[in-house]
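Trainee: No letters, just coordinates:
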């Protein structure tokens, strides 16, 4: 059975006009009069559904007219132009076959459902307009990111998900084990006997592929990762999930400026790609989810991102401290309210904040000559705040080990990482983009639970 | 500092000929005479390194000549054609700057290292020829797969990594927990109190995204997943890893034939892509890793895949039972030795084996009318055996629930899955491709540990 997709019809209707086509899809709505009926059919390949007209000349006219919303049909008919109607063409059905029935209690009736309700049926919500748009755009963004890096010759590296736990702040990590939790093996001194675990030692789910990624940047020069990361944070916000995807490019022979250039180029590339490939979906978001979205994205495409040092940013923000719940002063970490104020009110476009105090940033960031700050950058965007965080990495063996000592990190745990500074060290820089935040930014969706097919949050791991 | 990549130079040398270029890279080898020296420099962007010639007119001539293998350099000079030499061009250096030194004990000297040794330095091995080739090709294969599906309009779905454990055979799964293993909370009757765990219930790492994927196929028609999966199998073979990536497409309004067509098309697309984008790497594999690789892949491109039912395959194999460790008979599962015999000796090309006994296949596969077999397919390829396993799915609610009862599966655990058969069920089919097996197949690499950047196997979770 050769079915064509609704997407193919919309892509070049003239090629199919007045010809016989066969499509399979699901009923979005159906209404009939005595002698004919209309079906709005979606096959999921196109944001726009297609209209089917069927007549009582079909022997199963009555059966079809009784079909519930959600029924799967196979429709054979002729594509005809309908210049007077709202839709540009429709299928005049010759045969309509029920592939799979639906029932009157189908959870997705033709009415508006709340996001909360739809979260309880995460296996069915992709059939709604909103989630058709969200998850098609999510797919396009993912591909655009791959294409962007591949076109530039970056090597895609699959960094590991399960990691030895020694190296990282274990508090917010998920442990991975095959031991029987009802009967944990213990050593003679009463501690967990990890030698009996699958890997023979404690293991966790990764929080970042960066350190592994750096090893590959020092071999391939330009690499990126794109994979899942995990945080066991007990925070129930609209921006946090326990499982999310990250993109982490890393470039050797590159400094913080190269890093920011790459980030800006990437964001613009992705926005352009999605506007081009999913115009209907983006119009939908603009109309029903986030009015002003298209203007904002187009504005980003046409502006240079701003640049400001952390120190300058603090000076600016201090003048507006009356507007913030948390007052800022030099040395404090920026909260979302500050980030959004900077990008939305002050710069009115995406902005890079650079050179943060070393105390609030990670040990591996390159120390600036002032002795106080590091070559870090955060990219802030309107509506979201921080979407990208990156830095040039400390490539000097001595400075890196001294900083690790200050922070009480154990050099032995980082042998592989220090090797990169021993054997042909080179300046290098990279950043992390939270994929879901990027999807939220491009769709205007306000809750991270609504841009992940099956979101995982505290006390929530359904399906 | 504007550096160009060695890749760019090789891509269009004429554009740079007799012009000044600046490259950054690492010394592969270095030798000098009294007045000049040669450096073979790799920047990791190109399988072929570039030759640099430097002269004692440079004030740091002596410093450079003392550099060890692995040193990072920045070289500025003129690209000149060398029609008499082995390499087509070289850089006549004007300045050579040491970016980061290396030491005489650099673990990758200019000699052949064993794969076993290189596995102990997984952070440095990507700097060798073999692993430069492997991991660039791995990256290209990943992208080719994305591009293949995106070009066909398939939606990329990120299925979850952490899953509720109720639904699946828990024996070979990794558990995920935030509970303190030294002090597991217990309920009054002495069992693990999962209500105190992060998700409020037992959770595991996924072994497949298929069931989730099906829910999206019933919304978008054509979808694919590409993500990590996990098996806690205690098997130390060259083909098993605890953490690996899988691609799982799923198509609604599709049957087993559509499924096989897609699999064949995908494999051919990926092979063609890699041969075109990485000819040097593929020649390297053909010369040094797996003689005959290129012939085999080209042969696959130019042949139709074979088709044979399981029942026919057993009849064929029974005639050769003397050659097998495990003798075959109807009802048995095929071992790798049988699979390879079929594809290598009998068909001499990839072959689909279809319609397996239902007892050796999963509950969700569509039952054939004979009452004995299911609409399953495995794709077998020379050198590997099974590389793809797929099936048409049971779309009939009654048949599916009856089969689940026979197997003792709890319907309540599969509510979301059964909903797909209640609300607009449609014939659908999909398959799983083990990504690492695919990389092994295309590179000729014999051990899965050598196609994963940081492999995870029993008792091995380094870096």
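Mentor: Received it, and whenever you're ready, just let me know what you need. The shown structure was predicted, so the numbers you read here are calculated from the model rather than taken from an experiment.
Trainee: Can you give the distance of stretch A:200-217 from its chain's centre?
Mentor: Centre-to-centre, stretch A:200-217 and its host chain are 21 Å apart (CA atoms, centre = their mean, to the nearest Å).
Trainee: Next: stretch A:35-42.
Mentor: Stretch A:35-42 sits 36 Å away from the centroid of its parent chain (CA atoms, centre = their mean).
Trainee: How about the residue of the stretch 351-463 of chain A found nearest chain B: what's its closest non-neighbour residue?
Mentor: In the stretch 351-463 of chain A, the residue that lies nearest chain B is residue A:425 (3.2 Å; CB to the nearest CB). C-beta coordinates here come from the backbone N, C-alpha and C atoms, glycine included. In this structure, residue A:425 finds its nearest non-sequential neighbour in residue B:100, 3.2 Å apart by CB to CB, 6 or more residues apart in numbering or on different chains.
Trainee: count of residues packed around the one you found?
Mentor: Look at residue B:100: counted by other CB atoms under 10 Å in any protein chain shown, it has 22 neighbours.
Trainee: which residues touch it?
Mentor: A:395, A:421, A:424, A:425, A:426, B:71, B:72 (CB atoms under 8 Å, 6 or more residues apart in numbering or on different chains).
Trainee: try 7 Å
Mentor: A:395, A:424, A:425, A:426, B:71, B:72 (CB atoms under 7 Å, 6 or more residues apart in numbering or on different chains).
Trainee: Return the closest of those with respect to residue B:38.
Mentor: Nearest to residue B:38, judged by CB to CB, of the contacts of residue B:100 is residue B:71 at 14.3 Å.
Trainee: Hmm, residue A:82 is touching residue A:89, no?
Mentor: Yes: using CB atoms under 7 Å as the test, residue A:82 is close enough to residue A:89 to be in contact (5.8 Å).
Trainee: In terms of packing, which of the two has more residues around it?
Mentor: Higher neighbour count among residue A:82 and residue A:89: residue A:89, with 20 against 13, using other CB under 10 Å.
Trainee: Help me confirm that the more buried one comes into contact with residue A:81.
Mentor: Yes: using CB under 7 Å, residue A:89 makes contact with residue A:81 at a distance of 5.2 Å.
Trainee: hmm, back to that, of the contacts of residue B:100, which is the most crowded?
Mentor: residue A:424 leads the contacts of residue B:100 on contacts (other CB under 10 Å) with 30 neighbours.
Trainee: Could you tell me the model confidence score at it?
Mentor: You'll see residue A:424 listed with a pLDDT of 98.
Trainee: Regarding it, which helix or strand does it belong to?
Mentor: Assigned by DSSP states H and E, residue A:424 belongs to no helix or strand.
Trainee: Residue A:405: how many residues sit nearby?
Mentor: 12.
Trainee: Pull the number of nearby residues for the closest residue to it other than its chain neighbours.
Mentor: Once flanking residues are discounted, residue A:405 sits nearest to residue A:411: 8.0 Å by CB to CB, 6+ apart. Neighbour count for residue A:411, taken as other CB under 10 Å: 12.
Trainee: Quick check, residue A:411 in contact with residue A:404.
Mentor: Yes: Residue A:411 is within contact range of residue A:404, at 6.2 Å (criterion: CB under 7 Å).
Trainee: if we can go back for a sec, need the contact list for the residue nearest to residue A:405.
Mentor: Applying CB under 7 Å, 6+ apart, the residues near residue A:411 are A:401, A:404, A:418.
Trainee: Burial check on the first one, number of neighbours?
Mentor: Looking back up the chat, that one is residue A:401. For residue A:401, the count of nearby residues is 16 (other CB under 10 Å).
Trainee: Give me the helices and strands touching the strand or helix carrying it, please.
Mentor: Using DSSP H and E, residue A:401 falls within helix A:397-406. Judged by 3 or more CB pairs under 7 Å, 6 or more residues apart in numbering or on different chains; DSSP states H and E, the packing partners of helix A:397-406 are helix A:415-422.
Trainee: got the angle between the helix it packs on and helix A:397-406?
Mentor: Helix A:415-422 runs at 150 degrees relative to helix A:397-406, counting by axes from the mean of the first three to the mean of the last three CA atoms, to 10 degrees.
Trainee: quick one: buried residues of helix A:415-422?
Mentor: A:416, A:417, A:418, A:419, A:420, A:421, A:422 (16 or more other CB atoms under 10 Å in any protein chain shown).
Trainee: quick one on the thing from earlier: surely the residue of the stretch 351-463 of chain A closest to chain B and residue A:395 touch.
Mentor: Yes: Residue A:425 is within contact range of residue A:395, at 4.7 Å (criterion: CB under 7 Å).
Trainee: Residue A:367: what's it in contact with?
Mentor: A:358, A:374, A:394, A:399.
Trainee: Could you list which of these belong to helices?
Mentor: Mapping the contacts of residue A:367 onto helices (DSSP state H) picks out residue A:399.
Trainee: which of the contacts of residue A:367 are buried?
Mentor: Buried members of the contacts of residue A:367, scored by 16+ other CB under 10 Å, are A:358, A:374, A:394.
Trainee: Return the subset of those residues lying in strands.
Mentor: residue A:374 (DSSP state E).
Trainee: so which of the buried ones among the contacts of residue A:367 comes closest to residue A:275?
Mentor: Out of the buried ones among the contacts of residue A:367, the member with the shortest distance to residue A:275 (by CB to CB) is residue A:374, at 35.3 Å.
Trainee: beta partners of the residue nearest to that closest one when sequence neighbours are not counted?
Mentor: Using CB to CB, 6+ apart and skipping the chain neighbours, the partner closest in space to residue A:374 is residue A:365 (3.9 Å). Residue A:365 has the following beta-bridge partners by DSSP bridges: residue A:393.
Trainee: same thing with residue A:25?
Mentor: With DSSP bridges as the criterion, residue A:25 is bridged to residue A:73.
Trainee: In the stretch 201-350 of chain A, mark out all the helices, start to finish.
Mentor: Using DSSP state H, counting those that start in this stretch, the helices of the stretch 201-350 of chain A run over A:210-220, A:256-277, A:279-284, A:293-301, A:310-318, A:336-340.
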